[in-house]
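**Q** The amino acid sequence is not available; the structure is as follows:
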């Protein structure tokens, strides 16, 4: 079925790689070379994707660095231009300049220490402006970090191949980790494997037909099923053949996040070794004593021999 | 019609529950277990979904707590490091430290009380930074709360089953509560009920065909109609049968909100008891004396015997 | 053609109204009654949609009111709790309290006037907090006002009915007023008119087929054409018949705004009287002396007899 | 094939222009005339699209101008209304007013210089308000600048026409310059050229069929191919004919940006001269020594004779 061969924008050279294409966390195993740093680097992007502990450290050390610098400038401009510097040693006086800088940068402005000369006043004016611009930038950055809709979809650790309505089926299980509702969830599964093409092995991509491509609600778990009928590229394939062909199942899920009112994506992949033959997933949905439906998310990965 | 049986990502175990799946307000009756708190909890999410009175209380008490804490720190660091503390008793002096803290945290910085020692200056520098970061975070949070597009679609209290173009129809009525325009409004109605499956009752889901699935404008009310023809799973079903099968009608509406330029969703459900047989909705659209079309939204729920 | 009769969520009662349904500016002529004020009113919505001059006045007078109020509170708490009040008369002293309030609310905090008593300090702490919360709210509001993607699509003042490829066509012309690019622009035209339904006039809605429903680019003008062939509800209709049937053409355009990366909508309508028979639009696209394409947007409305 | 002739909202007059319609950077070569400045000008739009160096200069000079102005106002209101002005000459006193203005506008408020008269206090109150409103506006503006999702898609400098699966193909190559993932990338290629229409040349637009219109992933390069079969408007066309007909290939790409969770667009065009006959693109994807896939983005433009 020619129609179901769908390239994913990947050249045939990738065929030779045995490294997985898509990591479990959805990132790609691709090295990008040849562009100057500034062409692809975006500071905003970088700061928005940083883990929180790094982000907080950057704020703290940035704050210290800025004030150490401005403190030095005030000190260099001259203490005669500053009122309220009481320190006896040069270091004490420098520290007072640093503290004055923090009061200016944050616009606290106690005024006990204050600029009186023209030079110090100019520096203080610019530092206060810099403080406000930084605040404006930081506000946007924090909002950007928080408001980025990120789907936290849990994928089962393994996929399984098990009997399904008379034939076999390739299956994996997903659930929403977060409490926010995902609506109109849609899944694409692509099989990537080496195939003999005029005698030489070449990597080929097959979009697999799913029993159901979309669900309206996603408040419980969803077992995504590809029925292995005669039209399936997995028809009659054994575990050994699957591994020999360096198979990888690429998963993309799209959904509408009800809290952020935005479309979100999640990606993952299963390599041949992560597919368990002859197993099925254990039930994780129960009815509580109060009649309420319960889902045990910690058992999402559990499967058992058929 | 196999095509119209569409699972909603809900395991068959849910079949045993008699508790409604979807609450009237659109939330799901599902208990999620087994994930550690931090995996699913998102502080931003929590603060964004909180009712206003709780949100305001959190701001107020958080502010008090922060200043009580920083006041204690200044007091502990030592009053000799602070200028302008005039209190006679320890409590008065502590209060002055608290007020100094509020002036620092909010960056007001009157300066009447001011840090003079190195320790107090360091604490004040960090508190001013904390104040700005909190402001930045709070700004994003407030914007997040306000700008979240929330459709306020009113659903009629009951659905009705009444004659419709020669046959019967399952109907409910909706209107937009807000003044903002909703465009390209689209509805999905799914019937969930217990059916005998090889002798045992199992919960099944049927997507119901609608007379009209989408409307371009939604400035008046819309009566959504599922015609009960021979292909309908409701064909020939009596009120008793509907209740016996624990039927629930799950409604999802999607629309484009013209004010926020974003897609919004609304959900609700009708249990069998909330469906009134042989009733129809009363008219709520009139022409005013000035020729203007009027809609009486307080009568949206009104229905009468046919 | 039953398929092309598409209700727009408007009850048949609207049939009796002769007032236009959709105003030229895209707002609806509908009065909404019966809901308590707080159900449908959203302060954020209101402030976001307000014209700029009203918005600015609200800021200014709100600022004055807040400070007049807080000034009164400081005055009432007692001048002995304030340092730096030098006024001789009560009015002067009250004014100084008001100015102190502005310094606190904006977190300027000069400190010349400063709270010294516990009561005044508490009020000042709360006022500074209120100032920051207001700033946070105002920031979100301003961003909300600016970042709302609003399509400024110019619609020709009149629609025309003129010969088009052998038959007649209903046409109107649109152009993008703004410099930002609109992509994938899509148009729906619905004819609303009174038709005899079992002898009584009833309002009916027809979605009109367009020669082209979507264009990829929209950097020049676009003449939207509905060819009046035999399947058209306008086939053979004269100007008198059009007016007698109280016809109104409802236009909705959807597009992707390239600057805001969001979907935008524009709406308008043409009543029968705004449709000119036997006229066509004059050309407004020229090639400048430098070979550049030019569009004369001020002539968008111009039409001439065929 | 009438179906594949698709006008792009461009009048036939554009036919006479030999200037390219779409620039390489995706902007249009169209001059818009006849609208008053304020109709189409949007300050927010302007400030959001400005290059960074201009934006920063505007902030800096705006800040200087505002304080020069407010300094003059304080000076004019009278130095007797200000405490803490120590300057001997008028210029020194004016400078002190300017510095006081910066302290008020940024809400630093050291308080060494402070308003004491009613007039100066009123001006300072309003300036502090202006400062906060500017901060709120600036925060939104900075966030708007950063959060605007801009696809940085690299297009190969030339398109090529080369043998492709037995026939010829029109091809160009694209890659994502940024590190953020683009999903569901979709391409439209439109050929614009002069054709003889009843003897006179008229510009016509043809949407070209692509071997693949959409790819799910876009982490490597993608060679977009239009197979020149018998149904193609390029069938049998030579390089000379292509240039003689003033051909231009208009490219639009749409994608979902995973970092911003928004849809993005990219546009470019190839004029006949930018199409190289009988060349094909050189490979740019390799497998590194560690088995990782590598893409050499600096060689994206490279092509060689077949």
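**A** Perfect, I can see it now. Just so we're clear, the structure is a prediction, and the values are computed from it rather than from any experiment. Residues are numbered from 1 along each chain as shown, chains lettered A, B, ... in the order given.

**Q** Excluding chain neighbours, give the residue nearest to the closest residue to chain B within the stretch 51-200 of chain A in space.
**A** Nearest to chain B, among the residues of the stretch 51-200 of chain A, is residue A:143, at 3.2 Å (C-beta to the nearest C-beta). Where C-beta positions appear, they are placed from N, C-alpha and C, glycine not excepted. Leaving out its chain neighbours, the residue that sits closest to residue A:143 by C-beta to C-beta, 6 or more residues apart in numbering or on different chains is residue B:140, at 3.2 Å.

**Q** just the angle between the helix or strand hosting the residue of the stretch 51-200 of chain A closest to chain B and helix C:118-147, please?
**A** Using DSSP states H and E, residue A:143 falls within helix A:118-147. Interaxial angle of helix A:118-147 relative to helix C:118-147 (axes from the mean of the first three to the mean of the last three C-alpha atoms, to 10 degrees): 70 degrees.

**Q** Which residues are in contact with the residue of the stretch 151-300 of chain A with the smallest separation from chain C?
**A** Using C-beta to the nearest C-beta, residue A:262 is the residue of the stretch 151-300 of chain A that sits closest to chain C, at 10.9 Å. The neighbours of residue A:262, taking C-beta atoms under 8 Å, 6 or more residues apart in numbering or on different chains as the test, are A:149, A:256, B:262, D:261, D:262.

**Q** tell me the mean pLDDT for the helix holding residue A:143?
**A** Averaging pLDDT along helix A:118-147 gives 93.

**Q** Would you indicate which residues of that helix are buried?
**A** With burial defined by 16 or more other C-beta atoms under 10 Å in any protein chain shown, the residues of helix A:118-147 counted as buried are A:118-129, A:131-147.

**Q** How about the contacts made by the closest residue to chain D within the stretch 51-200 of chain A?
**A** Chain D sits closest to residue A:140 of the stretch 51-200 of chain A, with a gap of 3.2 Å, by C-beta to the nearest C-beta. Residues in contact with residue A:140 (C-beta under 8 Å, 6+ apart) are D:139, D:142, D:143, D:146, D:147.

**Q** Return the member of these nearest to chain C.
**A** Checking these one by one against chain C (C-beta to the nearest C-beta), the nearest turns out to be residue D:139, at 4.9 Å.

**Q** Could you count how many residues lie near the closest residue to residue A:229 other than its chain neighbours?
**A** Closest residue in space to residue A:229, ignoring its immediate chain neighbours: residue A:167 at 5.7 Å, by C-beta to C-beta, 6+ apart. Neighbour count of residue A:167, defined by other C-beta atoms under 10 Å in any protein chain shown: 12.

**Q** Residue A:167 bridge partners, please.
**A** residue A:164 (DSSP bridges).

**Q** Would you check that it makes contact with residue A:225?
**A** No - contact status for residue A:167 versus residue A:225: not in contact, 10.7 Å apart, counting by C-beta atoms under 8 Å.

**Q** need the contact list for residue A:82.
**A** Neighbouring residues of residue A:82 by C-beta under 8 Å, 6+ apart: A:74, A:97, A:100, A:113, A:114, A:115, A:116, A:117, A:120.

**Q** Next, format the residues you listed as TSV and append secondary structure and distance to chain C.
**A** Formatted as TSV, those follow (DSSP: H, G, I helix; E, B strand; the rest coil; distance: C-beta to the nearest C-beta, whole Å):
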residue	secondary structure	distance to chain C
A:74	helix	20
A:97	helix	20
A:100	helix	15
A:113	coil	13
A:114	strand	10
A:115	strand	15
A:116	coil	16
A:117	coil	20
A:120	helix	18
